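Q: Sequence below, structure please.
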Amino acid sequence: MEAGEKSFPSFHSLQILIFISLMLCNLAFVKANVSNPLPFQREFNEFRPLYYCERCLAGKVQDTASATGVSNYPDEQDIDIIATYSDTSGAIRISRVKMRDLSASWVWENPMDVHHDQSTSSETVVDSFQYGIRSGENAEHYIDGHQDGRIPYLYNSSMSPVKRMRQIARKERRDLRTAQLIQQDKETDNQMAEAAIERSKSLDTSVKRKYNIWRRDFVHPHSDSILKLMQDQMIMAKAYASIAKSKNESELYNALMAHSNASQSAIGEAHSDAELHPSALDQAKAMGHILSRAKDKLYDCDIVARTFRAMVQSTEDKVTAMKKKTAFLIQLAAKTIPKRLQCLPLQLAADYYMQGYYSKPDLDKEKLEDPSLYHYAIFSDNVLATSVVVNSTVLHAKEPEKHVFHVVTDKLNFAAMRMWFIVNPPMKATIQVENIDDFKWLNSSYCSVLRQLESARTKEYYFKVNHPTTVSAGEDNLKYRNPKYLSMLNHLRFYLPEVYPKLDKILFLDDDIVVQKDLTPLWSVDLQGMVNGAVETCKESFHRFDKYLNFSNPKISENFDPNACGWAFGMNIFDLKEWKKRNITGIYHRWQDMNEDRTLWKLGSLPPGLITFYNLTYPLDRGWHVLGLGYDPALNQSEIENAAVIHYNGNYKPWLDLAVSKYNSYWSRYVMFDNHYLQFCNIRQ
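A: Take a look at the predicted model:
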């Protein structure tokens, strides 16, 4: 044995493949942690046991430094064990060792019981691993062995407890996220199902083939092919009927007209094939036969072309006539006061005089002239509209007792206006109603507009006293024949310092506006030396100076920029001190006198306002004033709802039947429909 020991070199840095041949006893063994100076045993320190057992680990806890060790079979202490292996040069070497020199961690195995004991050995290995994880022993050794490139006896032996816990937490997070996604999918499916059910409730299933969940345009690519065919057939029938009549083909003419009338009846109000009468297809076939006969008998390229040109010209003339009639009727409807609105001022005026309200003394003038309060100017002859302006303003005011309304109306509506606010006083606010005829200083010698309106030439132009009032005669100036353009109430805004001489600032409001927010911050706006604070209305090329003024006239082109941005009358904060300093009323008079022949602008108050306050207007934020509710049905809904003031400028006033229905609610919510005067005059929501 001593001679054999000296022949073994050291193999600490080499990888050695050990083939252990258990001769004699058929014993298999692997590395044990022995402290034996034999070179053979030092070589085997580089390897790990194939089967790891709990007893081996327990042996490591105890003192295993003894060289003798304890055998699994004490009676066989002197058994010789022969091992064969190859060295670094590839030579086969043999070594002999006694059983007593082995450590207690070496395991005996019977080759006949390998399959029988395999499960038991595996369980032993797992238990040993779990024990090693708990005790923390040899963890570093296992990791190092794996990093060196050797194959560990158990894969999980390299995983620390912390890493194991992270792996478990990661798996739990994945399971939780999976459950959440599944739940979201279920909720989405439920929402889609509920939406489909709600959508299906609005469908009219009584009419077949007419409605669909999707747009009707995409139900069928040719959903109106029969309808279009029949319409084309009617055009061709009219053309051939005209030719047949000119050639005295009375039988063919009567047949074409009869089929044309039948096709018109079959079409009716249909907009697609699904809405056609069931007999429409048969009628289209019958029309096709008669058109084929007409083509064979009457077709001539030149004659048919001339006929179509005549039909196009006739249609264009009809369209032009209809446009004129529509414009006339819209203007007429805008100027005409409905019967229920005529009833309201009549009833109020009657009660005003019959019940003695005319003798009621005026309000305290101290509040009416106190410049520290918030003052409003409203010039109107419409009682209902003025009441909405006052109600909406007071309702949103934070301190209504500090708000004073100055209403000026004409002589005809003065009693009704005063009666309304006597019996329906605004909450805590102060209101003054005045008659414009009481302003004795406002006469034709001082006011240019009054002097012009009294001239014969103006009456001839705007009233057509020597000509019948027809659509064609009033086409050019139909818009300007609206009484509001000829009313002095419309031009009174240019005389605010004369009407309210003791005020410093005043907010001008039209009677077709609705207030939706507190307006008191407007009195704190720094106008930076300007006279007028207003919202600009220009959008790209629209509502600029060249839209309102005649820039072909040198008086206009030399003084103003055609691309200057216009602004809105309807909600304007005026600095009356700056007004007086700059003599704004004098500027207005000068330009009004130059326009006596109406060559600078037509009638109205906005063009002279643009000129008078040119370079003297401070632009307010657009959120203060949104316009267009009286003519534009496509305004942004969120802008309307967020605006401080909305303006029904245009012909479609909210108190008329012409009003845009989707804008009615913004105005009607401030109408006192439960008032007995409104109920008596049948003014309902």
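Q: ok, which stretches of the stretch 301-450 of the chain are helices?
A: With helices called from DSSP state H, counting those that start in this stretch, the stretch 301-450 of the chain shows them at 301-335, 339-354, 365-368, 383-396, 414-423, 448-453.
Q: For the first one, buried residues please.
A: Yep, that's helix 301-335 we're talking about. By neighbour count with 16 or more other CB atoms under 10 Å, helix 301-335 contains the buried residues 304, 307, 324, 327-328, 331, 334. Yep, even glycine has a C-beta here, placed from its N, CA and C like the rest.
Q: Please work out the average pLDDT along the helix or strand hosting K171.
A: In the assignment (DSSP states H and E), K171 maps to helix 161-201. For helix 161-201, the mean per-residue pLDDT is 85.
Q: which strands and helices sit next to it?
A: If you count contacts as 3 or more CB pairs under 8 Å, 6 or more residues apart in numbering; DSSP states H and E, helix 161-201 packs onto no helix or strand.
Q: can I see the domain layout of this structure?
A: According to the TED database, the chain comprises the domains 225-335, 339-681.
Q: Reformat those as TSV; add mean pLDDT and distance to D189.
A: TSV is the format used below for the domains of the chain (pLDDT from 0 to 100; distance: least, CB to CB, whole Å):
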stretch	mean pLDDT	distance to D189
domain 225-335	87	32
domain 339-681	88	32
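Q: Reformat these as JSON lines; add distance to S200.
A: Listed next are the domains of the chain as JSON lines, based on distance: least, CB to CB, whole Å:
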{"stretch": "domain 225-335", "distance to S200": "18"}
{"stretch": "domain 339-681", "distance to S200": "26"}
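Q: Pick the most buried one from those.
A: Comparing the domains of the chain by mean neighbour count (mean count of other CB atoms under 10 Å), domain 339-681 comes out on top with a mean of 17.
Q: At which residues are the helices of the stretch 451-600 of the chain located?
A: 456-463, 483-486, 496-499, 545-548, 554-557, 576-582, 584-594.
Q: can you list the weak-confidence ranges in the stretch 51-200 of the chain?
A: 51-79, 83-93, 97-158 (pLDDT under 70).
Q: repeat that for 90
A: Counting by pLDDT under 90, the stretch 51-200 of the chain contains low-confidence ranges at 51-167, 177-200.
Q: follow-up on the earlier one: out of the helices of the stretch 451-600 of the chain, which is closest to Y663?
A: Y663 lies closest, by CB to CB, to one member of these: helix 483-486, at 20.2 Å.
Q: so who does the nearest residue to N435 once chain neighbours are set aside touch?
A: Using CB to CB, 6 or more residues apart in numbering and skipping residues adjacent in sequence, the residue nearest N435 is F414, 4.4 Å away. Going by CB atoms under 8 Å, 6 or more residues apart in numbering, F414 touches 433-435.
Q: Using TSV, lay out those together with distance to I513.
A: Output for the contacts of F414, formatted as TSV (distance: CB to CB, whole Å):
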residue	distance to I513
V433	19
E434	20
N435	23
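Q: ok, these vs N675, which is closest?
A: Among the contacts of F414, V433 lies closest to N675 (CB to CB), at 17.5 Å.
Q: hang on, the earlier thing: restricted to strands, list the contacts of F414.
A: Among the contacts of F414, the members found in strands (DSSP state E) are 433-435.
Q: What is the subsequent helix or strand relative to the helix holding K171?
A: Where DSSP H and E defines the elements, the next helix or strand beyond helix 161-201 is helix 225-246.
Q: List the neighbours of that following helix that are in contact with it.
A: 250, 252-253, 256-257, 259-260, 263-264, 266-267, 270-273, 276, 280-281, 283-284, 287-288, 290-291, 294-295, 298, 300, 303-304, 307-308, 310-311.
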